[in-house]
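Peer 1: Need coordinates for the below:
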Amino acid sequence: MRVTVVGCSGSYPGPDSPASCYLVQARDGLRTWSIVLDMGNGALGALQRYVDPLRVDAVLISHLHADHCVDMTSYYVLRKYHPTGTQPKIPVWGPKGTAKRLANAYDLPRKPGMREEFSFRVYKLPITVGPFTITPYEVDHPVPAYGLRLEAFDKVVAYSGDTGPIPVLDELAADADLFLCEASFRSCDDNPPHLHLTGAEAGEIATRASVKRLIVTHVPPWHDAQVMLGEATKAYDGPTELAAQGVVYDL
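Peer 2: Reported below is the predicted structural model:
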């Protein structure tokens with residue numbers, strides 16, 4: 001598998017990165033399969049550096065906050081009006097109400113909305129896309145939200161999505177080769193519950209789950225990301241780094 005960080009800025013785009021978006025790819029001997037995790041503000045522009053958007057096989061939306069889904073409106077335009085002609089529908093998994101929310105975001109009528117371009121599906125088990133098996137986990141956020149575990153060829157990528165600390169994250173990340181874990185909060189602050197993780201909490205999850213590599217992501221631009229990284233490395237002694245736009249991980 002290959003994971004490319006398309007966007008990793010938390011809550012809104014930063015000067016160095018779009019908001020949340022990750023490209024996960026695997027080759028099955030016949031062709032390369034491409035899955036996009038989230039499509040936050042500015043992500044579609046950067047995504048085109050790494051894959052032809054017409055060759056994406058599926059999109060997984062963790063939740064319906066704008067920094068994780070709003071560039072689906074631009075992706076709709078690309079697929080609907082591309083000069084090569086009508087594009088086949090691709091599956092888009094997300095929480096209940098994803099189709100309605102995205103139609104509203106582009107001021108479309110609910111029917112058809114974006115249903116002629118995307119086949120909207122609600123998370124349920126199991127999900128299979130080419131060589132990928134995908135397991136969604138409901139996490140702790142003010143809106144319905146999911147973390148995602150992707151497996152292919154005996155490799156595992158775990159993605160926390162946006163979440164407060166919750167026991168299910170240990171199962172989501174168990175023995176993952178790569179754990180993309182949000183860390184939007186600093187431990188020194190009085191943080192609201194049920195919203196985000198600190199760097200320390202990301203490191204603690206990585207330790208309990210015995211992950212092989214921790215990538216700290218979704219740090220808002222108003223914070224110094226090195227603080228979150230420092231917290232994470234104190235709690236987890238395995239390989240740890242900050243997510244950065246354009247970095248590629250080959251597993």
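
Peer 1: Phe118 is in contact with Ile90, isn't it?
Peer 2: Yes. In terms of C-beta atoms under 8 Å, Phe118 counts as a neighbour of Ile90; the distance is 6.3 Å. All C-beta spots, glycine's among them, are computed from the backbone N, C-alpha and C.

Peer 1: Need the residues touching each of these two.
Peer 2: Residues touching both Phe118 and Ile90 (C-beta atoms under 8 Å, 6 or more residues apart in numbering) are Val59, Arg79.

Peer 1: Which of those two has more residues huddled nearby?
Peer 2: Between Phe118 and Ile90, counted using other C-beta atoms under 10 Å, the more crowded position is Phe118 (22 against 19).

Peer 1: List the contacts of the nearest residue to that one once chain neighbours are set aside.
Peer 2: Using C-beta to C-beta, 6 or more residues apart in numbering and skipping the chain neighbours, the partner closest in space to Phe118 is Val92 (4.4 Å). The contact partners of Val92, by C-beta under 8 Å, 6+ apart, come to Ala58, Val59, Leu60, Ile61, Met72, Thr98, Phe118, Ser119, Phe120, Arg121.

Peer 1: tell me which residues form a beta bridge with the first one?
Peer 2: Ala58 has these beta-bridge partners by DSSP bridges: Ile35.

Peer 1: Looking at strand pairing, list the partners for the nearest residue to Ala244 once chain neighbours are set aside.
Peer 2: Using C-beta to C-beta, 6+ apart and skipping the chain neighbours, the partner closest in space to Ala244 is Val5 (6.3 Å). Val5 has the following beta-bridge partners by DSSP bridges: Tyr22.

Peer 1: Tell me how many other residues surround Val5.
Peer 2: Neighbour tally, Val5, other C-beta under 10 Å: 24.

Peer 1: Let me see the contact set for it.
Peer 2: By C-beta under 8 Å, 6+ apart, the contact list for Val5 reads Ser17, Tyr22, Ile215, Thr217, Ala243, Ala244, Gln245, Gly246, Val247, Val248.

Peer 1: ok, back up a step: okay, and which of the contacts of Val92 map to helices?
Peer 2: Judged by DSSP state H, the contacts of Val92 include Met72, Thr98 as members of helices.

Peer 1: Could I get the full set of strands for the stretch 51-200 of the chain?
Peer 2: In the stretch 51-200 of the chain, the strands defined using DSSP state E, counting those that start in this stretch lie at 58-60, 90-94, 118-122, 127-129, 132-138, 146-152, 155-159, 178-182.

Peer 1: Could you check how far the third one is from the centre of its chain?
Peer 2: Which is strand 118-122. Relative to the chain's own centre, strand 118-122 is displaced by 17 Å; criterion: C-alpha atoms, centre = their mean, to the nearest Å.
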